[in-house]
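Asks: could you work out the structure for the sequence below:
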Amino acid sequence: MSRLEGTNLSGGLTLVVPNSDYTDKGSTRFTGSQTGGGNGGTFAPDYVVAPSFYLTHQLNDKLSVGVGMFVPFGAKLDYGNTG
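Replies: From the prediction side, this is the model:
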């Protein structure tokens, strides 16, 4: 950032294509009773777009400031609400 001159703006989109599924082979609580959840399936969407945005500004030849905003994961997982 300290080597960038003036004001700079950068943005981007990252396409996240998760491939995840699971199979529950009989989950139980520590007491031995059934958890009551589903028996498996897919818990990730087909795709998600994760945005990013960065801005830098040179205050003088020795000092610059900047800000960045981004989505660190972007998987949008959904395990359901049962159990």
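Asks: can you tell me the closest non-neighbouring residue to Leu69?
Replies: Let me fix one detail, which is that residue 69 is Met and not Leu. Phe53 (4.7 Å; Cβ to Cβ, 6 or more residues apart in numbering). To be clear about C-beta, it is placed using only N, CA and C from the backbone, and glycine gets the same treatment.
Asks: buried set for the helix or strand the one you found falls within?
Replies: Using DSSP states H and E, Phe53 sits in strand 48-60. For strand 48-60, burial by neighbour count (16 or more other Cβ atoms under 10 Å) applies to Val48, Ala50, Thr56, Gln58.
Asks: that strand packs against which elements?
Replies: Where contact means 3 or more Cβ pairs under 8 Å, 6 or more residues apart in numbering; DSSP states H and E, strand 48-60 is packed against strand 7-16, strand 63-70.
Asks: I'd like the ones you listed laid out as TSV, including mean neighbour count and distance to Ser33.
Replies: Shown next, in TSV, are these (neighbours: other Cβ atoms under 10 Å; distance: least, Cβ to Cβ, whole Å):
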stretch	mean neighbour count	distance to Ser33
strand 7-16	11	36
strand 63-70	12	42
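Asks: surely the residue nearest to Met69 and Gly66 touch.
Replies: No: counting by Cβ atoms under 8 Å, Phe53 sits too far from Gly66 to count as a contact (11.0 Å).
Asks: list the strands paired with the strand holding Phe53, with their directions.
Replies: strand 7-16 (antiparallel), strand 63-70 (antiparallel) (DSSP bridges).
Asks: what does the longest one contact?
Replies: By Cβ atoms under 8 Å, 6 or more residues apart in numbering, the list of residues contacting strand 7-16 from outside reads 47-58, 74-75.
Asks: again, but for stretch 47-67
Replies: For stretch 47-67, using Cβ under 8 Å, 6+ apart, the contacting residues are 1-2, 4-18, 68-71, 73-76.
Asks: what about 6 Å?
Replies: For stretch 47-67, contacts defined as Cβ atoms under 6 Å, 6 or more residues apart in numbering pick out 1-2, 4-14, 16-17, 68-71, 74, 76.
Asks: about what we covered before: now pLDDT and distance to Thr31 too, for the buried residues of strand 48-60, in CSV please.
Replies: Below are these laid out as CSV (pLDDT from 0 to 100; distance: Cβ to Cβ, whole Å):
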residue, pLDDT, distance to Thr31
Val48, 81, 37
Ala50, 85, 40
Thr56, 97, 56
Gln58, 95, 62
